[in-house]
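Student: Structure for this input, please:
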Amino acid sequence: MATTQAKPHVTIRGSQANITNTLSREDLLRLARDEYARQLCKFTANQLSRYTNKSHTSSTAKQSV
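Tutor: Next up, the predicted model:
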């Protein structure tokens, strides 16, 4: 996949120049992919901790009986 640099967009109003970067399609897709991966990691870690806590509490309950 070819990557392109974001092209700056310049707006001049009065004495102030406003420079913003426009994102290319590839930039947006990369941001979306990175955000999805970040959210998936958080979700997976949460699920693992919940599973680990459940199995730990159930094994502790079995041992106390």
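Student: all strands for this protein, in order.
Tutor: In the chain, the segments counted as strands under DSSP state E are 8-13, 16-21.
Student: lowest-confidence stretch among the ones you listed?
Tutor: Lowest mean pLDDT within the strands of the chain: strand 8-13, a mean of 62.
Student: count of residues packed around N21?
Tutor: 11 (other C-beta atoms under 10 Å). For every residue, glycine as well, the C-beta is placed using N, CA and C.
Student: I'd like to know how far it sits from D27.
Tutor: 9 Å (C-beta to C-beta, to the nearest Å).
Student: where along this structure do the helices fall?
Tutor: 25-64 (DSSP state H).
Student: for it, which spans come out with low pLDDT?
Tutor: The chain contains residues with pLDDT under 70 at 1-20, 56-65.
Student: switch to 80 and redo it
Tutor: Applying pLDDT under 80 to the chain picks out residues 1-21, 54-65.
Student: Share the number of residues neighbouring R30, please.
Tutor: 14.
Student: Pull up the gap between it and L48, please.
Tutor: 27 Å.
Student: now L31: how far from K54?
Tutor: L31 is 35 Å from K54, by C-beta to C-beta.
Student: should've said K42
Tutor: Taking C-beta to C-beta, one finds K42 at 19 Å from K54.
Student: next one: R38
Tutor: With the distance defined as C-beta to C-beta, R38 ends up 25 Å from K54.
Student: One more: R25?
Tutor: From R25 to K54 the distance is 43 Å (C-beta to C-beta).
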